[in-house]
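Asker: generate a structure from the sequence data that follows.
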Amino acid sequence: MQLDQPGSVISTESLLVELGGLPILREVSVAVGSGELTALMGGNGSGKTTLVRALLGLIPHQRGTITLFGTPLESFRDWHRVGYVPQRGAVVIKQATVREVVSSGRLAHRRAFRPLSPRDHAQIEAALTEVGLLERANTPFIELSGGQQQRVLIARALATEAELLVMDEPFAGVDLRVQDELAELIGRLNAAGTTVLVVLHETGALAPLLTNSIVLREGRVIHTGAPPEHPAPHHDSPGLTRPRLMTGIGEGVA
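Answerer: Here you go, the predicted model:
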């Protein structure tokens, strides 16, 4: 079945990804339409993070196709249209201030070693304002709470002027109040026209805002469409082993 439909921001067809010689994603065909807020769900080891990394070209795929904004991944160059918010625990930032972290989101718009332009400064200010952290711009990132750090990473993605936000477990390690705040922010961005693909273990605070869902189990798609009432368990079948993806930032193949 061809899923590269008109208006698809992300689509894959019969995607196979292997790590260490073992298949992690098997025949994955999915589509995310423009303007959707889509949950990517599944238990630990189901392949969620691997799919995200493959979509962003961070790891290779062995078979099948990936398209972004209708362009094959291997030909895609408009990375300023894509904002990636990784798992907070995978990001190691010790010295940079909030403004400096968000400023790195402008690299796709300027040449290396060139000073920030007035437009760069304007977009950085706008992104910090959007996440409610403008007054903390000069605060060291490491001094912020977990929820505030997550907002900074979202602001960095927004500073790229992204049309697509890909978020990997934004609720991990933050309390329910902060989850509600982040869900409100994500919903507001989506309502303003940003397409969002968000990796989740369970729908939680985002449940009433989701327009679509993709559920993986053991590297295969088992559900697409409306979010399931009972999300997949947090662990795949006993006895299934996965190789760890050695990225240097502590992530496996969730």
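Asker: just the CA trace of the host helix or strand of A54, in CSV.
Answerer: Using DSSP states H and E, A54 sits in helix 48-55. The C-alpha coordinates for helix 48-55 follow below in CSV (Å, rounded to 0.1, in the frame of the first residue of the first chain):
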residue,chain,number,x,y,z
LYS,A,48,10.1,4.0,18.4
THR,A,49,13.4,5.8,18.8
THR,A,50,14.9,3.8,16.0
LEU,A,51,12.1,5.0,13.7
VAL,A,52,12.6,8.6,14.7
ARG,A,53,16.3,8.4,14.0
ALA,A,54,15.8,6.7,10.7
LEU,A,55,13.3,9.4,9.7
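Asker: for the record, mean pLDDT for stretch 78-86?
Answerer: Computed over stretch 78-86, the mean pLDDT rounds to 91.
Asker: buried ones in it?
Answerer: 80-86 (16 or more other CB atoms under 10 Å). Every residue, glycine included, has its C-beta placed from N, CA and C.
Asker: which of those fall within strands?
Answerer: Under the assignment DSSP state E, these contribute 82-85 to strands.
Asker: ok so, going back, how about the buried residues of stretch 78-86 in JSON lines, adding distance to E36?
Answerer: Output for the buried residues of stretch 78-86, formatted as JSON lines (distance: CB to CB, whole Å):
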{"residue": "H80", "distance to E36": "20"}
{"residue": "R81", "distance to E36": "15"}
{"residue": "V82", "distance to E36": "15"}
{"residue": "G83", "distance to E36": "15"}
{"residue": "Y84", "distance to E36": "17"}
{"residue": "V85", "distance to E36": "17"}
{"residue": "P86", "distance to E36": "21"}
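Asker: and the next helix or strand past the helix holding A54?
Answerer: The first helix or strand that comes after helix 48-55 along the chain, using DSSP H and E, is strand 63-68.
Asker: strands paired with the helix or strand following that next one, and their directions?
Answerer: Remark: after strand 63-68, the chain's next helix or strand is strand 71-72, criterion DSSP H and E. With DSSP bridges as the test, strand 71-72 is paired with strand 63-68 (antiparallel).
Asker: ok, back up a step: who touches the helix holding A54?
Answerer: Residues outside helix 48-55 that contact it (CB atoms under 8 Å, 6 or more residues apart in numbering): 10, 12, 15, 17, 19, 24-25, 28, 40-42, 59-61, 66, 68, 73, 87, 166, 168, 197, 199, 216, 219, 245, 251-254.
Asker: so how far is V178 from the nearest residue in space to V131 that is not next to it in sequence?
Answerer: Nearest residue to V131, sequence neighbours excluded (CB to CB, 6 or more residues apart in numbering): R151, at 4.1 Å. Distance from R151 to V178, counting by CB to CB, to the nearest Å: 9 Å.
Asker: same thing with A191?
Answerer: Remark: distance between A191 and V178 (CB to CB) = 20 Å.
Asker: got the contact list for I93?
Answerer: Counting by CB under 8 Å, 6+ apart, I93 has contacts 101, 141-142.
Asker: export the residues you listed to CSV and tack on secondary structure and pLDDT?
Answerer: Converted to CSV, the contacts of I93 look like this (DSSP: H, G, I helix; E, B strand; the rest coil; pLDDT from 0 to 100):
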residue, secondary structure, pLDDT
V101, helix, 93
F141, helix, 92
I142, helix, 91
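Asker: ok, of these, which come out buried?
Answerer: The neighbour count (16+ other CB under 10 Å) marks 101, 141 as buried among those.
Asker: L128: which of the contacts of I93 is nearest?
Answerer: Nearest to L128 among these: V101, at 10.2 Å, using CB to CB.
Asker: pretty sure the closest one sits against R151.
Answerer: No - in this structure, V101 is not within contact of R151 by CB atoms under 8 Å, at 10.8 Å.
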